[in-house]
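# Generate coordinates for the sequence data below:
(2 chains)
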Protein chains: 2
Amino acid sequence: MVSIDKDRLKNTFETYSEIGRTDKNGLHRLSLSKTDKKVRDQFVQDLEELGLEVRIDEVGNIFGRQEGADPDAAPVLIGSHLDSQPYGGRFDGQLGVLTALETLRSFADEGIDHRRPIEIVNWTNEEGSRFKPALMGSGTFADEFDVDETLSQTDSEGTTVEEALEEIGYRGDSPCKPREPIHAYFELHIEQGPVLEERDRAVGIVEGIYGMSWLEVTITGDADHAGPSPMHSRRDALVAATDVVQAVRRLSNRVSDDVVTTVGEFEVEPNSINVIPSEVTFTVDVRSYDDKVVADLVERVETEVEAACSREGTTYEIEEIWRIPHTEYAEKVRTTAIEGAEAADISYQSIVGGAGHDANYLSEITNSGMLFAPSVDGKTHNEAEYTEWSDIVDAAFAYAETVERLAE
Amino acid sequence: MVSIDKDRLKNTFETYSEIGRTDKNGLHRLSLSKTDKKVRDQFVQDLEELGLEVRIDEVGNIFGRQEGADPDAAPVLIGSHLDSQPYGGRFDGQLGVLTALETLRSFADEGIDHRRPIEIVNWTNEEGSRFKPALMGSGTFADEFDVDETLSQTDSEGTTVEEALEEIGYRGDSPCKPREPIHAYFELHIEQGPVLEERDRAVGIVEGIYGMSWLEVTITGDADHAGPSPMHSRRDALVAATDVVQAVRRLSNRVSDDVVTTVGEFEVEPNSINVIPSEVTFTVDVRSYDDKVVADLVERVETEVEAACSREGTTYEIEEIWRIPHTEYAEKVRTTAIEGAEAADISYQSIVGGAGHDANYLSEITNSGMLFAPSVDGKTHNEAEYTEWSDIVDAAFAYAETVERLAE
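Numbering: from 1, shown residues only, chains lettered A, B, ... in the order given. This is a model prediction of the structure:
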């Protein structure tokens, strides 16, 4: 059995959490910022102290390689991301990188003899907060995005990714692509939902990630004076749009238990206290592990929009602005993760993830999988994000056991 | 019987409509702008050509006085406003001023012998679009607002009313208050609602104006990730707020036929496509001619907010930011207006107004009343605002007949 050093993991986590710490004990460490440079410097230093071969690629992804007994074997890739949301939490991404680091440190301490090379990685710009799109480093690595296209993305100030990389000294020479076939990719991440906490499980073995659709709906009515316009003569875009929001909430449990629906953006025109709203534009986010359910929901949302507009005498347009199928992680990795959790003697359950992760793009090029640690109250992307230390330790044990097996 | 000159009224209306005309045949003539100066200059010129004694007061209200047979009698005040909403219509306000002008011109042509002096007035800043509050000139005249306070109000650029008045040369010397008791105030205005058109009546004899309440409601939930947050764990401020909007619409016909409810402003935070909304702030506008109905509705809205928040697990705050009782116009003026409509041989009905008018503040200091002309489709405050010419002529005849009787 692999033994990790709990205190070292905690100390390392605290050290990294100081870099970009907010007043409320969260993390503000936008991708390729000065703070991101600081944490990258710390990470590279830690990799070098551990004797790893450090490599930085064209888009700033940082790799640290530990050879195994068989130098010709396909390596196991482990890690996550060190950038954060604006005023986000300390656990999202960082926990995965540091658990991977602790795993390698423990293997070194204990002289664990793995056959395959193991590479730890910190992916550039997972969050997509400063530069779009999210999952930039892993997506480019998996050839979903072109390197030149990635380097030319700009932030709100017009700075390109290339300029930002050069400014902080992380524009590497290594090509942003796999140098050899990769045996597997394995990532620990916080759940960002409440399921594991509610069911009192130490870790989630991630089966895959929801497919999703984003709709943009525009409803158009008439702007009339709120006083002299009798109710029966109105065509109120807000009345129709709010009717749809209520329907979207009801739909979420009509088709399947395995679906979530959210209206996140909602803009009203002319947005004046005594004028009947003439136009409302809003988004609908539909997610399910079952791609047919997503497709069905999209149709049902359109039916509801049509019905609400018919009731109110308004017109509408619907555009689907994004659709991606669900991601299923490799069975080999899931089976191994279950063995890892059992070896660590902790409770686990199969779980499906609702958010995108670097592991999604990696699943395009290798056997990819994830382990989720519980999130208190499911909170994420804000400073209140939290995971209990005992849960982190449990997850780290299961993670190390799994990595050992994947690298055998 | 008074005979008005239809062609002259039409020509005058077209001339005035050119000043600030928009591409879509609407009117953009914000209070105290250069365009407002142009129309004021035209108005003053027309008053002088008619031989009226022109007087401009401290806040730019323009009066033109025609003496009657008895110089000591209390005068009759007639008119409306020449300013417009941004990209508003040609009929709102302007029609009332020009019908009053045509009335005085016809009286002069026909040598109609009125006992009382008649004063025509153009009130400054009725709309409240550039400077707050609305009904500025009439409200100051009726001592609802202090003159110095009015002069120091600023537009979005920081220009004061006083500076704007001086810039266009309409900071008058006359005190902004009645110089003597006023016998009556009578104003023609477009209905801004669809009632007269629906019932095929030429004019509305306005009984009074709705009382109203403005509420500001803030609902607070939790911002969570739209993917990994199961529906049951959410506290979605938008779901609760849209529930309330639907309830507010339903409430409008539960308590009385005589009530309108509108949610006009609606702001969502953080307003991001994949984040569950944490806060929604919206307004509720409740109007009825019955002040008890307004009070009852305000309580019922609060009940609905409480119920919606209880269902969704959100919290709320409600603030009543404005409440005014209904205005009842003088019976003497209403009775006279009915006589006027009958003398003009046109169809009429009693009607209640939903919007504020200069006549409201005038009712604080004199016998005040209004005549409504039909609005096509009830449209107002936009460039599509329209009233049929035949309806304008009918209303002008009834108006002139009424003014003659008030000035007898």
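
# alpha carbons only for contacts and neighbour counts from here, please
Fine.

# ranges for the strands of the stretch 101-250 of chain A?
Counting by DSSP state E, counting those that start in this stretch, one finds strands in the stretch 101-250 of chain A at the ranges A:118-123, A:184-190, A:203-209, A:211-220.

# May I have the residues that are in contact with A:Gly211?
A:287-291, A:294, A:323-327 (CA atoms under 8 Å, 6 or more residues apart in numbering or on different chains).

# In chain A, which residue sits furthest out from the middle?
Using CA atoms, centre = their mean, the residue of chain A lying farthest from its centre is A:Pro228. It sits 50.2 Å away.

# do you know how far the nearest residue to it once chain neighbours are set aside is from A:Met231?
Of all residues not flanking A:Pro228 in the chain, B:Gly354 sits nearest, at 4.1 Å (CA to CA, 6 or more residues apart in numbering or on different chains). For B:Gly354, the distance to A:Met231 equals 12 Å [CA to CA, to the nearest Å].

# Among those two, which residue is more densely surrounded?
Legend: neighbour count by other CA atoms under 10 Å in any protein chain shown for B:Gly354 and A:Met231, higher for B:Gly354 (26 against 19).

# wait, what's in contact with that one?
Going by CA under 8 Å, 6+ apart, the list of residues near B:Gly354 reads A:226-229, B:209-210, B:287-288.

# let's see it at 6 Å
Taking CA atoms under 6 Å, 6 or more residues apart in numbering or on different chains, we find B:Gly354 in contact with A:227-228, B:209-210.

# filter the contacts of A:Gly211 to the buried ones?
Neighbour-count burial (16 or more other CA atoms under 10 Å in any protein chain shown) applied to the contacts of A:Gly211 gives A:287-291, A:294, A:323, A:325-327.

# which one of those residues is nearest chain B?
A:Arg287 (6.8 Å; CA to the nearest CA).

# Could you list the residues of the stretch 101-250 of chain A in contact with chain B?
With CA under 6 Å from any CA of the partner chain as the criterion, the stretch 101-250 of chain A meets chain B at residues A:192-193, A:227-229, A:242.

# out of those, what pair is the most spread apart?
For those, with distances taken as CA to CA, the pair at the greatest spread is A:Gln192 and A:Pro228 (48.8 Å).

# and the host helix or strand of A:Glu304, average pLDDT?
Counting by DSSP states H and E, the element that carries A:Glu304 is helix A:291-312. For helix A:291-312, the mean pLDDT works out to 97.

# got it, and stretch A:118-129?
96.

# what does stretch A:24-37 give?
Across stretch A:24-37, the average pLDDT comes to 96.

# Just the CA atoms of it, as PDB, please.
Provided in PDB are the C-alpha atoms of stretch A:24-37 (Å, rounded to 0.1, in the frame of the first residue of the first chain):
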ATOM      1  CA  LYS A  24     -11.800  35.900   2.400                       C
ATOM      2  CA  ASN A  25      -9.400  33.000   2.100                       C
ATOM      3  CA  GLY A  26     -10.200  32.300  -1.500                       C
ATOM      4  CA  LEU A  27      -7.900  32.500  -4.600                       C
ATOM      5  CA  HIS A  28      -7.500  35.100  -7.300                       C
ATOM      6  CA  ARG A  29      -4.900  33.700  -9.700                       C
ATOM      7  CA  LEU A  30      -5.900  34.400 -13.300                       C
ATOM      8  CA  SER A  31      -4.200  32.500 -16.000                       C
ATOM      9  CA  LEU A  32      -0.800  33.900 -17.000                       C
ATOM     10  CA  SER A  33      -1.000  36.700 -14.500                       C
ATOM     11  CA  LYS A  34       2.000  37.700 -12.200                       C
ATOM     12  CA  THR A  35       0.400  35.600  -9.500                       C
ATOM     13  CA  ASP A  36       0.200  32.700 -11.900                       C
ATOM     14  CA  LYS A  37       3.900  33.200 -12.700                       C
END
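
# List the neighbours of that stretch that are in contact with it.
Contacts for stretch A:24-37 (CA under 6 Å, 6+ apart): A:20-21, A:83-84, A:86-90, A:125, A:164, A:168, A:383.

# Equivalent analysis for stretch A:321-338, please.
Contacts for stretch A:321-338 (CA under 6 Å, 6+ apart): A:207-215, A:289, A:291, A:367-369, A:402.

# So which residues of chain A form helices?
A:6-18, A:34-49, A:94-110, A:136-141, A:147-151, A:161-168, A:195-199, A:237-251, A:291-312, A:331-343, A:358-362, A:389-406 (DSSP state H).

# buried sites along the last one?
Buried residues in helix A:389-406, counted by 16+ other CA under 10 Å: A:391-406.

# Average pLDDT for that helix, rounded please.
Per-residue scores along helix A:389-406 average to 97.

# go on, stretch A:270-285?
Here the average pLDDT along stretch A:270-285 is 93.

# Just the pLDDT for whichever residue of the stretch 51-200 of chain A sits closest to chain B.
Here the residue of the stretch 51-200 of chain A nearest chain B is A:Gly193; by CA to the nearest CA that distance is 4.7 Å. At A:Gly193, the model reports a pLDDT of 92.

# ok, the closest residue to it other than its chain neighbours - how many residues close by?
Leaving aside its sequence neighbours, A:Gly193 sits nearest to A:Gly378 (CA to CA, 6+ apart; 3.8 Å). Neighbourhood size, A:Gly378 [other CA under 10 Å]: 25.

# A:Gly378 contacts A:Val195, correct?
No: between A:Gly378 and A:Val195 there is no contact under CA atoms under 6 Å: 7.7 Å.

# A:Lys332: how many residues sit nearby?
Neighbours of A:Lys332 (other CA under 10 Å): 13.

# Could you check how far it is from A:His357?
Applying CA to CA to A:Lys332 and A:His357 gives a distance of 19 Å.

# next one: A:Pro228
53 Å.

# now swap in A:Ser278 and tell me
From A:Ser278 to A:His357 the distance is 39 Å (CA to CA).

# and what of A:Met231?
48 Å.

# how does chain A divide up, domain by domain?
A:6-209+A:326-406, A:211-324 (automatic domain parsing).

# In CSV: those domains, plus distance to B:Glu58.
Shown next, in CSV, are the domains of chain A (distance: least, CA to CA, whole Å):
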stretch, distance to B:Glu58
domain A:6-209+A:326-406, 49
domain A:211-324, 29
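
# Quick one: closest of the ones you listed to B:Asp345.
Nearest to B:Asp345, of all the domains of chain A, is domain A:211-324, at 26.0 Å by CA to CA.

# on that earlier part again, give me the common contacts of B:Gly354 and A:Met231.
In terms of CA under 6 Å, 6+ apart, B:Gly354 and A:Met231 are not both contacted by any residue.

# want to try CSV for the helices of chain A, with distance to A:Arg179 as columns?
Converted to CSV, those look like this (distance: least, CA to CA, whole Å):
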stretch, distance to A:Arg179
helix A:6-18, 29
helix A:34-49, 20
helix A:94-110, 21
helix A:136-141, 10
helix A:147-151, 15
helix A:161-168, 21
helix A:195-199, 37
helix A:237-251, 46
helix A:291-312, 33
helix A:331-343, 21
helix A:358-362, 14
helix A:389-406, 19
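
# wait, which of those helices is closest to B:Asp148?
Comparing the helices of chain A by CA to CA, helix A:237-251 comes nearest, at 39.7 Å.

# Strand A:211-220 and the closest one, what's the angle between them?
Note on geometry: by axes from the mean of the first three to the mean of the last three CA atoms, to 10 degrees, helix A:237-251 and strand A:211-220 are set 160 degrees apart in direction.
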